[in-house]
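Asker: Any chance you can model this:
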Amino acid sequence: MALETLVEPPQSTLSGVARVLVNAGRLTAKTAEDLTRSALERKGSFVAAVVGAGAVKADDLAHTLSAALALPLLDLNAVDAQKLPRNLVDQKIASQYQLIVLGKRGNRIFIGAADPTDQEATERIKFTTQLTPEWVVVEYDKLARQLEAQGASANEVLESLASADFDFDVTDDEAPAAESADVTTEVEDAPVVRFLQKMLIDAINMRASDLHFEPYEYTYRVRFRIDGELREITQPPVAIKDKLASRIKVISRMDIAEKRVPQDGRMKLKFGSKAIDFRVSTLPTLFGEKVVIRILDPSSAKLGIEALGYEKVEKDRLMHCIGRPYGMILVTGPTGSGKTVSLYTCLNILNQPGVNIATVEDPAEINLPGINQVNVNDRAGLTFAAALKSFLRQDPDIIMVGEIRDLETADIAIKAAQTGHMVMSTLHTNDAPTTLTRLLNMGVAPFNIASSVLLITAQRLARKLCENCKKPADYPRESMLKAGFRPEELDGNWKPYRAVGCSSCNNGYKGRVGIYQVMPITEAIQRIILSEGTALDIAKQAALEGVRDLRQSGLIKVRAGVTTLEEVITVTNE
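Answerer: Below you'll find the model as predicted:
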């Protein structure tokens, strides 16, 4: 017995959770000491070290603590996070001590935590809330996800940002001058600065594409768009809405004194050698300025054509056309359908030292080295048409126009395509055939369209099924046929999948995938254009030539188990 005491460290040096696990036989004292040392070195919690190392599973750890400490155990998956009380405990404290407020009754506050033995957390909550904490054991992995969803996580990216040289890229000479002491106070308010930084970092961690800061009469709401769906993240105090809007406007080079008209700007978040760009838009509403921030991810343009979701036939058609020396390629779809990423992926493929590429956009969303990018500035007279005219005197090989909005821009783009340049652009139409009739309606001559347009791609973004929780679905055969499946396609040995939902996804979906209609302009389609045929005539001819419409392309993704039938019907329901 004496020898054992010499070999194994005394348990009195171990933390509360470590001692419980050793006494319960879940860990040896040596392992517990090693994990304690590891947690101290990483400045993290012992529970995080145990679960991260796989020494004890999160659910086993929670059950052991609940039984040993005689504390209730709660499954956070069964709790509606939106109904949990807010503002009882500061988010900084919740993040620091990894805890969540479950409720309040009288002078007691119920706290969910994976480590209910943390005396420092107990004293801090007592002091700040003047309430008595009652501990409830929750599983560490579910707690971490809940904190992340509330915008109060301390995950890897946040830690790397906090330890790096982290700041907004704004200089004194670029920022508009504050006109009064009140404005200066709003701009430099430290809690507001920290809150904004926290929201931006959490949005990046959660793979959000947009942040919405929305003021209402009695509430102030922050929502993130994740995988195409808006999700409410937090409701900060209404009092910060003006200060937050002023802070955002200063670092986005906007006029902070002007609150009556919409404004647009950009800002950059720097940490170490890395930087992330954001596009900012403000809109005056009844109760203050709504601010929408779009995260511009340069890496999305460098994923490669395979990552976008093109089927082999569609990819081959696109690659063949972008390799042509001249002509026009059009990408069409609604706002937020991934048109810009598709165009920049093509430009990235063509971006070689011997090629001169120029783009004009409103504004340029993705910065690619080696490409000459121009922002539209209507006030200064720099329109799409004016930039295009200038491009033609700059010896370009490839021109990208952010959007064809009017006849003048369309005419110049088509002339460029006819005079030895590759031109790429976008339009807002429902599918590929209607794009041609849209150009005709603009006033473009049919022979100009037929001689210059090489290919049109229509696209949508559909949510991808989560690989961890998707389950086979049994749809009636009639419903499958009505959705667009052919009878012979239903006879094979396959089943569609349905969304279920788990702790690692968003209601059964995680990420998005493109659905495409890639239509080359063949001689037969050219003849229909020259005879001023309708979009229906063009669509019939394209179908005869093997061009799949958006619904058919989506059904291929359903057969492959990538997405659900409901999602495809939603995004392709014209």
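Asker: Neighbours of the residue nearest to residue 522 when sequence neighbours are not counted, how many?
Answerer: Excluding the flanking residues, the one nearest residue 522 by Cβ to Cβ, 6 or more residues apart in numbering is residue 545, at 6.1 Å. The way it works is simple: take the backbone N, C-alpha and C, and place the C-beta from them, glycine included. Using other Cβ atoms under 10 Å, residue 545 has 12 other residues around it.
Asker: Just confirm residue 545 contacts residue 523, I think it does.
Answerer: No. Applying Cβ atoms under 8 Å as the test, residue 545 and residue 523 come out as separate, 10.4 Å apart.
Asker: For stretch 219-234, buried residues please.
Answerer: Of the residues in stretch 219-234, 220-228, 233-234 count as buried by neighbour count, 16 or more other Cβ atoms under 10 Å.
Asker: any idea which of those residues is closest to residue 15?
Answerer: Minimum distance to residue 15 across these is 31.2 Å, recorded for residue 234 (Cβ to Cβ).
Asker: Assign residue 239 to helix, strand or coil.
Answerer: Under DSSP: H, G, I helix; E, B strand; the rest coil, residue 239 falls in the helix class.
Asker: show me what contacts the closest residue in space to residue 437 that isn't next to it in sequence?
Answerer: With Cβ to Cβ, 6+ apart as the criterion, residue 437 has its nearest non-adjacent residue at 4.6 Å, and that residue is residue 535. Shown here is residue 535, whose contacts under the criterion Cβ atoms under 8 Å, 6 or more residues apart in numbering are 433-434, 436-437.
Asker: In these, which residue is surrounded by the most others?
Answerer: The most crowded member of these, judged by other Cβ under 10 Å, is residue 433 (28 neighbours).
Asker: Thought residue 533 was touching it, still the case?
Answerer: No. When contacts are counted by Cβ under 8 Å, residue 433 is not listed as touching residue 533 (9.6 Å).
Asker: Look up how far residue 545 lies from residue 100.
Answerer: 58 Å (Cβ to Cβ, to the nearest Å).
Asker: Same check on residue 226?
Answerer: For residue 226, the distance to residue 545 - Cβ to Cβ - is 38 Å.
Asker: ok, the closest residue to residue 383 other than its chain neighbours - contacts?
Answerer: For residue 383, ignoring the flanking residues on the chain, the nearest one in space by Cβ to Cβ, 6+ apart is residue 376 at 6.3 Å. Counting by Cβ under 8 Å, 6+ apart, residue 376 makes contact with 360-363, 382-384, 387, 402.
Asker: Could you pick out the buried ones from the residues you listed?
Answerer: In the contacts of residue 376, burial by neighbour count holds for 360-362, 383-384, 387, 402, counting by 16+ other Cβ under 10 Å.
Asker: so where's this protein uncertain?
Answerer: Within the chain, the stretches with pLDDT under 70 are 1-13, 82, 86-87, 148-189, 271-274, 298-304, 574.
Asker: Can I get the helix ranked longest in it in PDB? Just the C-alpha atoms.
Answerer: Longest helix of the chain, by residue count under DSSP state H: helix 190-205. The C-alpha trace of helix 190-205 is given here as PDB (Å, rounded to 0.1, in the frame of the first residue of the first chain):
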ATOM      1  CA  ALA A 190     -15.000  49.400 -25.900                       C
ATOM      2  CA  PRO A 191     -17.900  47.000 -25.200                       C
ATOM      3  CA  VAL A 192     -19.400  47.700 -28.600                       C
ATOM      4  CA  VAL A 193     -16.000  47.200 -30.300                       C
ATOM      5  CA  ARG A 194     -15.600  43.800 -28.500                       C
ATOM      6  CA  PHE A 195     -19.200  42.800 -29.400                       C
ATOM      7  CA  LEU A 196     -18.700  43.500 -33.100                       C
ATOM      8  CA  GLN A 197     -15.400  41.600 -33.200                       C
ATOM      9  CA  LYS A 198     -17.100  38.700 -31.400                       C
ATOM     10  CA  MET A 199     -20.000  38.600 -33.800                       C
ATOM     11  CA  LEU A 200     -17.700  38.700 -36.900                       C
ATOM     12  CA  ILE A 201     -15.500  35.900 -35.500                       C
ATOM     13  CA  ASP A 202     -18.400  33.700 -34.600                       C
ATOM     14  CA  ALA A 203     -19.900  34.300 -38.000                       C
ATOM     15  CA  ILE A 204     -16.700  33.000 -39.600                       C
ATOM     16  CA  ASN A 205     -16.500  30.000 -37.300                       C
END
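Asker: hmm, back to that, can you put the contacts of residue 376 in a markdown table and add distance to residue 441?
Answerer: Below are the contacts of residue 376 laid out as a markdown table (distance: Cβ to Cβ, whole Å):
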| residue | distance to residue 441 |
| --- | --- |
| 360 | 23 |
| 361 | 24 |
| 362 | 22 |
| 363 | 27 |
| 382 | 26 |
| 383 | 21 |
| 384 | 18 |
| 387 | 24 |
| 402 | 20 |
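Asker: Max pairwise distance over those: which two?
Answerer: Between any two of the contacts of residue 376 (Cβ to Cβ), the greatest distance is 13.5 Å, for 363 and 383.
Asker: bridging residues for residue 109?
Answerer: Applying DSSP bridges to residue 109 gives these bridge partners: residue 104, residue 133.
Asker: Test my guess that residue 489 contacts residue 556.
Answerer: No. Applying Cβ under 8 Å as the test, residue 489 and residue 556 come out as separate, 9.8 Å apart.
Asker: For the stretch 401-550 of the chain, just list every one of the helices.
Answerer: 407-418, 432-442, 446-452, 477-483, 523-530, 535-544, 550-559 (DSSP state H, counting those that start in this stretch).
Asker: ok, now the stretch 251-400 of the chain?
Answerer: Using DSSP H, counting those that start in this stretch, helices in the stretch 251-400 of the chain cover 312-322, 339-350, 384-391.
Asker: out of those, which comes closest to residue 95?
Answerer: helix 339-350 (32.7 Å).
Asker: and the direction of the closest one versus that of helix 312-322, what angle?
Answerer: 60 degrees (axes from the mean of the first three to the mean of the last three Cα atoms, to 10 degrees).
Asker: Can you name the secondary structure element that comes next after the helix or strand that residue 112 is a member of?
Answerer: Per DSSP states H and E, residue 112 falls inside strand 108-113. Sequence order places helix 119-129 as the next helix or strand after strand 108-113, per DSSP H and E.
Asker: and the gap between residue 109 and residue 416?
Answerer: From residue 109 across to residue 416, the span is 67 Å (Cβ to Cβ).
Asker: that older thread, just the ones of the buried residues of stretch 219-234 in strands?
Answerer: In this view, the buried residues of stretch 219-234 that belong to strands under DSSP state E are 220-226, 233-234.
Asker: mind checking the SS state of residue 71?
Answerer: Under three-state DSSP, residue 71 falls in the coil class.
Asker: Next one: it from residue 111, what distance?
Answerer: Distance from residue 71 to residue 111, counting by Cβ to Cβ: 11 Å.
Asker: In terms of neighbours, single out the busier of these two.
Answerer: Ranked by neighbour count (other Cβ under 10 Å), residue 71 and residue 111 place residue 111 first, with 26 against 17.
Asker: For that one, which residues are in contact?
Answerer: Going by Cβ under 8 Å, 6+ apart, residue 111 touches 89, 99-102, 121, 125, 133-136.
Asker: Looking at these, which one is closest to residue 330?
Answerer: residue 100 (49.7 Å).
Asker: Over to the closest one. Which of the three states is it?
Answerer: strand.
Asker: any idea how far residue 566 is from the residue nearest to it when sequence neighbours are not counted?
Answerer: Among residues not flanking residue 100 along the chain, residue 112 sits closest, at 4.5 Å (Cβ to Cβ, 6+ apart). Distance of residue 112 to residue 566, computed by Cβ to Cβ: 34 Å.
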